[in-house]
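S.K.: Got a predicted model here, sequence first, then my questions.
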Amino acid sequence: MTAPARSPLVRPGESVGDAPSTWSIARSVAAVDLRRLVRDRVALFFMVVLPFVLILALGVAFPTDTGVVEVGVVAGETTGIGGQLLEAVGGADTLDVTFYDEPQDVVRDIQLGRIEAGIIIPPDLTEVVESGGTGEVRLELDPANQASAMLRNMLDAVVENQALVLTAARFAEDRTGAEKQEALAAAEEQVRQLTRGQVESVTVGGSGRPVSGFAFTALAQMILFMFINSLAGGSSIVEMRTFGVAGRALTAPVTVAGLTFGITLSRFLIALLQGLLIAVVSAVAFGVDWGDPTVLVSVLVLFALVSAGAGVLMGALARTPDQAVAFGIPISLAMAALGGCFFPLSVAPAVMQVVARVLTPQAWATSALTASVFDGAGLGSVVVNLAVLAGFAALYLSFGSVLLSRRLREG
Amino acid sequence: MPTVAASCVGLRKAYGDRLAVADVGFTVHAGESYGLLGPNGAGKTTTISVLCGLLQADAGTVEVGGAPMRTGRCDAKQHLGLVPQDIALYPDLTARENLRFFGRLQGLGRSELRTRVDEVLEIVALEDRAGDRVESFSGGMKRRCNIAAALLHHPQLLVLDEPTVGVDPQSRASILDGIAALQEHGMAVLYTTHYMEEAQRLCDRIGIIDEGRLVAEGTQTELLAAVGQHPVVRLTVDGDPSGLAGALAGDPLVVRTSVGDDRLEVAVTDPARALAPLIERAEHVGTRISGVEVVEPDLESVFLHLTGKALRD
């Protein structure tokens, strides 16, 4: 150290600067945290590379759900019940119909993955049914395909409708002595009037628009990595304490509350940045449609607050930076697994779903995003999820900031 | 500028049942260098922590730059710069980035901050390494950067908590030179150390602290005089030194004598005047002197006298 003997640089007691505002302190802390993050290659890998590797790897395992099912049809009959069936199938927006001559060609193409289902209408279907026999329409399905249930329901509806007409016609024929064709026409009219106004097409379990196969994994990774990086990022808070930087900062005109606020704001911004990065990149690169943007933004902001609170809590509890990472990652993974980040929560047993919702904010975040992305839910539909997330955020932030303040005072 | 840079009155701080600091009080005048000398665990760092507003004292008051010090935000903090015992910097940030961060916490505006960062880098001679990460610095450079961070806001009082611990001799000399230069510019310095020679070299006044209590205070001369410490002439002799010791009894320049196997230690009021008569008296009683050493009293002996133990115990 070589301070010049007559240096004009040393002017003890000369007033320099005013006490910084809490906001200014917060910005300074956040800026330093972000700068350090950018320099940390491991943290950057976890934040910028790994989420997208996982989204890509897991996303390609799920085909894109375009909302349209490829169906092969063998139309042995084009009038009567068969005609009605063809009319129903052809009129469905969600079915793309290809006609085949032979049933075995339909089965072959299902096995080859060219089509997802097949409907085989026998040539004498109406005749058999009208004569009191049992007509058989074969439905060929790929058992793993989600379209199975929809097609089965559609066929059941058409068949039930026709059975209703025939039953009514026979009843009229018996009671009134009317001619068979006359009774049939009257029954068809009655059933048509009966069903008109009663049947409404409602899409359940789908938004009606194509959903990328990357959608679920993208939203799951978003929630997973926002939380995991925040908890592991608690190590930077521990470093601030153990490096003595926090202690030195408190010899400046800085309050413990101001420093705690700055640290929390920094963790919030980093978590939000992580979420936005995954949202934007998965939309641009993987074609993920996030649904209602207000739902996405609300979940992102609230879950970033949750993550920041958890990160601050970890930063206060851990004694060393390594401890924050060593505990943070397994805790995050366990909560993510429980909270539906590895598989949809809906497939878990009911008890586990309850446990997940009680213990993890992840469950509320993933279900809100799933509702928006897959079912087209708006803000009003996920208001409970958002309220619970706000509650988790308040809980974590309160505990975290109180504990961190205490740690900072202890030095 | 107030004539008193900092003052502590009746400081008391306990950690549970353990009393760390008891009734400590001292004043550091503007431009003065005050040393707090004591062994490890004496209460120096606790005293510093209270003085810098990092710890709340159980009792007592602290003022820095004429303003009362407390934990939290207060005007007093703008008048002091703390150089902690350990390096309190982000190792993965550059020297400049670290200084900018701490400067912002001091409330320095953008242009002022840029100017001050350049200035303190020049003061600690790190201009050429400003863009390098602190983790790449040598121990001495880290210490200098640590000091630089405390100078950003032109503090009236620079508080250094054992700044040379673990530093190589060359860097230590450089740091001490730098601190001395800052003193020359009128900066008040509060310097804690358990290295006696640093306190002797740097400090105008010294407070000796042990087991949380300030046991003595004053200039080095005052402290030596207060505890009756005198220069010692250490004579190595052939044969029994008792005869010479007896011959010296009653000499007005001799304070006391201490006899060893082949050695005689003679405490004197003024070694320059006492040396020639001593040798003359030895010849007179037939004692042959084979070696002479004059030992000036130091703070180590003061500390030993006051506490009954060595500084490094």
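M.R.: Arrived safely, thanks for sending.
S.K.: What parts of the stretch 251-400 of chain A come near chain B?
M.R.: Residues of the stretch 251-400 of chain A lying near chain B by CB under 8 Å from any CB of the partner chain: A:251, A:252, A:253, A:254, A:255, A:256, A:258. Where you see a C-beta, it was placed from the backbone N, CA and C, and this is true even at glycine.
S.K.: Dump these to TSV, plus secondary structure.
M.R.: Below are those laid out as TSV (DSSP: H, G, I helix; E, B strand; the rest coil):
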residue	secondary structure
A:251	coil
A:252	coil
A:253	coil
A:254	coil
A:255	coil
A:256	helix
A:258	helix
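S.K.: Would you format the residues you listed as a markdown table with distance to residue A:26 and pLDDT included?
M.R.: A markdown table is the format used below for those (distance: CB to CB, whole Å; pLDDT from 0 to 100):
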| residue | distance to residue A:26 | pLDDT |
| --- | --- | --- |
| A:251 | 18 | 90 |
| A:252 | 14 | 89 |
| A:253 | 14 | 87 |
| A:254 | 10 | 86 |
| A:255 | 11 | 86 |
| A:256 | 13 | 89 |
| A:258 | 7 | 87 |
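S.K.: Neighbour count for those - can I get that in JSON lines?
M.R.: Shown next, in JSON lines, are these (neighbours: other CB atoms under 10 Å in any protein chain shown):
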{"residue": "A:251", "neighbour count": "26"}
{"residue": "A:252", "neighbour count": "27"}
{"residue": "A:253", "neighbour count": "23"}
{"residue": "A:254", "neighbour count": "27"}
{"residue": "A:255", "neighbour count": "18"}
{"residue": "A:256", "neighbour count": "20"}
{"residue": "A:258", "neighbour count": "24"}
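S.K.: Tell me the one of these nearest residue B:84?
M.R.: If you rank those by distance to residue B:84 using CB to CB, residue A:251 comes first, at 8.5 Å.
S.K.: measure the closest one to residue B:201 for me?
M.R.: In this view, residue A:251 and residue B:201 are 26 Å apart by CB to CB, to the nearest Å.
S.K.: Residue of the stretch 101-250 of chain B nearest chain A, please.
M.R.: residue B:178 (2.6 Å; CB to the nearest CB).
S.K.: That residue is in contact with residue B:145, isn't it?
M.R.: No. Using CB atoms under 8 Å as the test, residue B:178 is too far from residue B:145 to be in contact (12.0 Å).
S.K.: which of these two has more neighbours?
M.R.: For residue B:178 and residue B:145, the more surrounded residue by other CB atoms under 10 Å in any protein chain shown is residue B:145, and the numbers stand at 24 against 21.
S.K.: So residue B:266 lies in a strand, does it not?
M.R.: Yes. Counting by three-state DSSP, residue B:266 is found in a strand.
S.K.: these two touch, right, it and residue B:274?
M.R.: Yes. Taking contacts as CB under 8 Å, residue B:266 lies within contact range of residue B:274: 7.5 Å.
S.K.: Tell me who's in contact with the nearest residue to residue A:252 once chain neighbours are set aside.
M.R.: Once flanking residues are discounted, residue A:252 sits nearest to residue B:105: 4.2 Å by CB to CB, 6 or more residues apart in numbering or on different chains. When contacts are counted by CB atoms under 8 Å, 6 or more residues apart in numbering or on different chains, residue B:105 touches A:20, A:25, A:28, A:249, A:252, A:254.
S.K.: And residue B:266 and residue B:274? Which one has more around it.
M.R.: Taking other CB under 10 Å, residue B:266 and residue B:274 do not tie; residue B:266 has more neighbours (26 against 22).
S.K.: any idea how far residue B:259 is from the more buried one?
M.R.: Distance from residue B:266 to residue B:259, by CB to CB: 10 Å.
S.K.: Repeat that for residue A:248.
M.R.: Taking CB to CB, one finds residue A:248 at 54 Å from residue B:259.
S.K.: higher neighbour count, the two?
M.R.: residue A:248 (26 against 16).
S.K.: In a strand, the more buried one, correct?
M.R.: No. Assignment of residue A:248 by three-state DSSP gives helix, placing it outside any strand.
S.K.: Who are the packing partners of the one helix or strand residue A:260 maps to?
M.R.: Using DSSP states H and E, residue A:260 sits within helix A:256-286. Using 3 or more CB pairs under 8 Å, 6 or more residues apart in numbering or on different chains; DSSP states H and E, the elements in contact with helix A:256-286 are helix A:22-39, helix A:50-59, helix A:215-232, helix A:234-242, helix A:293-317, helix A:383-410.
S.K.: Can you give the contact residues for the shortest one?
M.R.: In other words, helix A:234-242. A:33, A:36-37, A:245-247, A:263, A:267, A:311-316, A:318-325, A:328, A:404, A:407-408, B:90.
S.K.: Identify all contacting residues around stretch A:330-344.
M.R.: A:216, A:220-221, A:223-224, A:227-228, A:231-232, A:345, A:348, A:352, A:355-356, A:359-363, A:365-367, A:370.
S.K.: 7 Å instead?
M.R.: A:216, A:220, A:223-224, A:227-228, A:231, A:355-356, A:359-360, A:362-363, A:366-367, A:370 (CB atoms under 7 Å, 6 or more residues apart in numbering or on different chains).
S.K.: Just the buried positions in stretch A:173-190, please.
M.R.: A:173, A:178, A:183, A:184, A:186, A:187, A:188 (16 or more other CB atoms under 10 Å in any protein chain shown).
S.K.: gap between the third one and residue A:82?
M.R.: So the one you mean is residue A:183. 21 Å.
S.K.: Could you do the last one as well?
M.R.: Plainly put, residue A:188 is 16 Å away from residue A:82 if you go by CB to CB.
S.K.: try the fifth one
M.R.: To residue A:82, residue A:186 is 22 Å away according to CB to CB.
S.K.: same check, this time on the first one
M.R.: Between residue A:173 and residue A:82 the distance is 22 Å, computed by CB to CB.
S.K.: cool, and residue B:43?
M.R.: For residue B:43 relative to residue A:82 (CB to CB), the value is 99 Å.
S.K.: repeat for residue A:364
M.R.: 49 Å.
S.K.: Would you mind telling me which of those two has more residues around it?
M.R.: Neighbours were counted for residue A:364 and for residue A:82 using other CB under 10 Å; residue A:364 has more, 29 against 23.
S.K.: wait, that one sits on residue A:391?
M.R.: No. Counting by CB atoms under 7 Å, residue A:364 sits too far from residue A:391 to count as a contact (9.2 Å).
S.K.: Let me know the pLDDT of residue 312.
M.R.: Assuming you mean chain A. Here the pLDDT value assigned to residue A:312 is 96.
S.K.: My question was about chain B, not that one.
M.R.: pLDDT, residue B:312: 59.
S.K.: Doesn't residue A:190 lie inside a strand?
M.R.: No. Using three-state DSSP, the secondary structure at residue A:190 is helix, not a strand.
S.K.: Spit out the contact partners of the residue in the stretch 201-350 of chain A positioned nearest to chain B.
M.R.: Per CB to the nearest CB, residue A:244 is where the stretch 201-350 of chain A lies closest to chain B, at 3.3 Å. Counting by CB under 7 Å, 6+ apart, residue A:244 makes contact with B:84, B:86, B:88.
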